[in-house]
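# Give me coordinates for this.
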Amino acid sequence: MNVFEQPWSLLTAAVVVLLILLMARRVFPHKKYWWQWFLPAFFTVAAFGLDLLVQTDLERINAVINTGVKAVEEENPDAIEAIISDNYSDSYHRTKESLTRHCRVRLSQPLVEKNIKRIVAIEISGPRATAIFTVRIVFDKRSYVYQSFKRIMLTKMKLDLLKEQNKGWLISRAELLEIDGQPTKWQNIR
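Numbering: from 1, shown residues only. So this is what the prediction gives:
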């Protein structure tokens, strides 16, 4: 378990240290020192401090995914462009410019009211990562999709991410896997 991803390991250690301290102070009453109370406090502060100060690769990847999902919800193609790698390519968009152009066209009109994301899996292997997640899209009442098809849609996406120097994690490929449980591809949603 990585102590940088969650504070619970060090908080558990703080409780154990506190219990040992209380027992030791009862067994050895002549060894009571005021500074001993700082040990469990140190572990508690360290737990939350490490969790807040150190951002792991998993947390950075989640932040990239959250940024993308929020950018679609807010109809902000510039935010999407910022998290896309210059080497981007997928089965429909051959370049980053092609994807951003597509985003600008699709997000120029009201489209999404709300996105609800759920991460299915993230695999990190060195400077590469793969994330599979679902997004429940609630369409804006003024959007073409809402008026022509349906209000809510469940999509499943696969992202390939690349850790680039001085830029952090960026999306190098995004593939649409499913819409409402049915296998699909980018070409099917023109």
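# only C-alpha atoms for contact and neighbour calcs from this point on.
Noted.
# Need the residue closest to the centroid of this protein.
The residue lying closest to the centre of the chain (CA atoms, centre = their mean) is residue 62, at 1.4 Å.
# Quick check on residue 161: phi, psi?
phi -120, psi 150 (degrees, to the nearest 10).
# Show the low-confidence segments of this protein, by residue range.
Within the chain, the segments meeting pLDDT under 70 span 1-5, 190.
# so how far is residue 24 from the residue in it sticking out farthest from the centre?
Distance from the centre of the chain peaks at residue 30, with 51.5 Å (CA atoms, centre = their mean). For residue 30, the distance to residue 24 equals 10 Å [CA to CA, to the nearest Å].
# Check residue 82 too.
Distance from residue 82 to residue 24, by CA to CA: 55 Å.
# Among those two, which residue is more densely surrounded?
Per other CA atoms under 10 Å, whichever of residue 82 and residue 24 has more neighbours is residue 82, with 16 against 13.
# follow-up on the earlier one: name the element the residue nearest to the centre of the chain belongs to?
helix 57-73 (DSSP states H and E).
# And the contacts of that helix?
Outside helix 57-73, the residues within contact range by CA atoms under 8 Å, 6 or more residues apart in numbering are 5, 77, 79-80, 83, 107, 111-115, 117, 122, 124, 161, 168-170.
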